[in-house]
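Peer 1: sequence first, then the predicted structure, then my questions.
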Amino acid sequence: NAGVTQTPKFQVLKTGQSMTLQCAQDMNHNSMYWYRQDPGMGLRLIYYSASEGTTDKGEVPNGYNVSRLNKREFSLRLESAAPSQTSVYFCASTLGQTNQPQHFGDGTRLSIL
Amino acid sequence: KQEVTQIPAALSVPEGENLVLNCSFTDSAIYNLQWFRQDPGKGLTSLLLIQSSQREQTSGRLNASLDKSSGRSTLYIAASQPGDSATYLCAGPRCARITQGGSEKLVFGKGTKLTVNP
């Protein structure tokens, strides 16, 4: 019963470096999401994927790219990391139908120096 | 645009007390409202989802209500325990209807940090 698995759990980057955050779910969910959580700002949606093969921007997509590799996996890439991207990143998934709860991973804590 | 607000930001109560957490939203066309729990250093765990056709949902000592007309939802915790200490977040759909094949984008409140003291 792994649910939603995120890797890595922690990462420190230097400004300008690139990195990909990985997310995988084993619940056969159709929709997947990437959020960032910052103090005082709450959870904000970065990108989402309604179904395999589709992705779309959320509330704060600038500086990020995503790939829905297959039904299980949804990755988030920072091409050139900036200190403003220091945050905790959460991946979530849901069946994709009305009134289904979202299931979250434990997060990736990312610091950019 | 949906906005979700939770007051207070923090709450401290003695063990055994019954308590209510509040959540307000701006778009009354909301079709569901979700409550989550977040423990320190962890992700969110779904507690209850109330559909617009329902007025409340119950799970153990938790009871969540939804009043669309007033734009409010409450999470009632009975007989609180130290293990209930966590941050509780509510979230509603960003749009009045699901789009793009069923993907549901949520707007989250900033949460209420609950501390239950032994």
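Peer 2: Received, thanks.
Peer 1: close to chain B: what parts of chain A are there?
Peer 2: For chain A, the residues in contact with chain B (CB under 8 Å from any CB of the partner chain) are A:4, A:30-31, A:33, A:40-45, A:48-51, A:54, A:56, A:58, A:90, A:92, A:94-107. (Each C-beta comes from the backbone N, C-alpha and C, glycine too.)
Peer 1: one more pass at 7 Å, please.
Peer 2: A:30-31, A:42-43, A:45, A:48, A:50-51, A:56, A:58, A:90, A:94, A:96-99, A:101-107 (CB under 7 Å from any CB of the partner chain).
Peer 1: give me the buried entries from those.
Peer 2: A:30-31, A:42-43, A:45, A:48, A:50-51, A:58, A:90, A:94, A:96, A:99, A:101-107 (16 or more other CB atoms under 10 Å in any protein chain shown).
Peer 1: among these, name the ones in helices.
Peer 2: Among these, no member falls in helices (DSSP state H).
Peer 1: got the contact list for A:G107?
Peer 2: Shown in contact with A:G107 (CB atoms under 7 Å, 6 or more residues apart in numbering or on different chains): A:6, A:88-90, B:43.
Peer 1: let me fix that: A:G3
Peer 2: A:25, A:27, A:103.
Peer 1: ok, the worst-scoring helix or strand of chain B on mean pLDDT: who's next to it in the sheet?
Peer 2: Within chain B, confidence by mean pLDDT, DSSP states H and E is lowest for strand B:106-108 among all helices and strands, at a mean of 91. Applying DSSP bridges, strand B:106-108 is found paired with strand B:86-93 (antiparallel).
Peer 1: ok, residues contacting the partner strand?
Peer 2: Contacts with strand B:86-93, where a contact means CB under 7 Å, 6+ apart, come from B:2, B:4, B:6, B:21, B:23, B:25, B:30-39, B:44, B:73, B:75, B:104-109, B:111-114.
Peer 1: which residues does the residue sitting nearest the centre point of chain A contact?
Peer 2: Against the mean C-alpha coordinate of chain A, by CA atoms, centre = their mean, the closest residue is A:W34 at 2.9 Å. By CB under 7 Å, 6+ apart, the residues touching A:W34 are A:46-47, A:66, A:76, A:89, A:91.
Peer 1: so which of the residues you listed belong to strands?
Peer 2: Among those, the ones falling in strands (DSSP state E) are A:46-47, A:66, A:76, A:89, A:91.
Peer 1: next, give phi and psi for residue 51.
Peer 2: Since you didn't name a chain, this refers to chain A. Backbone dihedrals for A:S51, given as degrees, to the nearest 10, come out at phi -160, psi 170.
Peer 1: looking at chain B here, not the other one
Peer 2: Dihedral angles (degrees, to the nearest 10) for B:Q51: phi -80, psi 160.
Peer 1: verify the contact between it and A:N99 for me.
Peer 2: Yes. Here B:Q51 lies in contact with A:N99, judged by CB atoms under 7 Å, at a distance of 5.1 Å.
Peer 1: for chain A, see how far away B:G60 is.
Peer 2: As judged by CB to the nearest CB, to the nearest Å, B:G60 and chain A stand 16 Å apart.
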